[in-house]
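Colleague: With the input below, show me the fold.
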Amino acid sequence: MSLIKLENIKKVYEMGKIKVHALKGITLSINAADYLAIMGPSGSGKSTLMNIIGCLDVPSHGNYILDGKKVSKLGDSELAQIRNKQVGFVFQTFNLLPRLNAQKNVELPLIYAGMLKKEREIKSKKLLTKVGLGHRAHHLPSELSGGQRQRVAIARALANNPKIILADEPTGNLDTTSGEEIMQIFDSLNREGVTIILVTHEAFIADHTTHIIHLLDGEIGKIVASSK
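Modeller: A predicted model of the protein is given here:
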């Protein structure tokens, strides 16, 4: 059974009297441990598709089934529970809290999950070590390089043991070397069984994945195997 199943997903944004058709009938199945890239020009619907997969938004039409559960019609609180338990997010701009050190940033999802302080500290340290930053646990984001900040963001995304990692331009603010190091972490996570879906404009980043979904004007133009 597919982990993610999208059936004729459409998304329409109403801007006054104007209707913007961001997605025009996306049908797609993604299995557990798949490793996918979503590519396409600006305005093709990449971010909208990612937001729906990540339960940050709901479709205007169609069915979204996540891990056997129909989530396309759920309310905000139910969607929040799914996001907190099943999906980890990594963003281009890192989205770290500047006044918290790396370890405290990683602990945030664990606080929301109700984990006890001692357990949070142990787990956050393990996650930072996993991404190669155990020695920088007590540094503020301003004291870290861009690549190190993204490693903290990945550790935070892993805090609640998600089945899926959604990464929106995760290397967009990094130099080539740092970007390649971040992709090596995603590669390793995928080998461990985590489903990775990322948006990127860079072909060499997409080549880390096994399949590339090309969007054009809110529709899937083609799905191709990468050169990996």
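Colleague: Could you measure from residue 39 over to residue 25?
Modeller: To residue 25, residue 39 is 19 Å away according to C-beta to C-beta, to the nearest Å. Placement of C-beta: from N, CA and C, glycine included.
Colleague: swap in residue 43?
Modeller: For residue 43 relative to residue 25 (C-beta to C-beta), the value is 17 Å.
Colleague: circling back to that earlier point, look at residue 39 and residue 25 and report which has more neighbours.
Modeller: Per other C-beta atoms under 10 Å, whichever of residue 39 and residue 25 has more neighbours is residue 39, with 22 against 15.
Colleague: which residues does the more buried one contact?
Modeller: Residues in contact with residue 39 (C-beta atoms under 8 Å, 6 or more residues apart in numbering) are 46, 199, 200, 201, 203, 206, 212, 213, 214, 215.
Colleague: can we see that at 6 Å?
Modeller: For residue 39, the contact set (C-beta atoms under 6 Å, 6 or more residues apart in numbering) comprises 206, 212, 214.
Colleague: Weed out the non-buried ones from those.
Modeller: The neighbour count (16 or more other C-beta atoms under 10 Å) marks 206, 212, 214 as buried among those.
Colleague: tally of neighbours for residue 100?
Modeller: 15.
Colleague: Just confirm it is within a helix.
Modeller: No. Looking at residue 100 with DSSP: H, G, I helix; E, B strand; the rest coil, it is coil, so not inside a helix.
Colleague: Per-residue pLDDT of it, please?
Modeller: pLDDT recorded at residue 100 is 97.
Colleague: what are the phi and psi values for the one residue sitting closest to the centre of the chain?
Modeller: In the chain, the centroid-proximal residue (C-alpha atoms, centre = their mean) is residue 166; its distance is 1.3 Å. The phi and psi values for residue 166, taken as degrees, to the nearest 10, are phi -110, psi 120.
Colleague: partners of it in the sheet?
Modeller: Assessed by DSSP bridges, residue 166 has beta-bridge partners residue 89, residue 197.
Colleague: Report the buried residues of the lengthiest helix in the chain.
Modeller: Assignment by DSSP state H gives helix 176-191 as the longest helix of the chain. Neighbour counts over helix 176-191 (16+ other C-beta under 10 Å) mark 178, 179, 181, 182, 183, 185, 186, 189, 190 as buried.
Colleague: Serialize these to CSV and add fields for distance to residue 116 and pLDDT.
Modeller: Output for the buried residues of helix 176-191, formatted as CSV (distance: C-beta to C-beta, whole Å; pLDDT from 0 to 100):
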residue, distance to residue 116, pLDDT
178, 34, 95
179, 36, 94
181, 33, 96
182, 31, 97
183, 34, 97
185, 28, 97
186, 30, 98
189, 26, 97
190, 31, 97
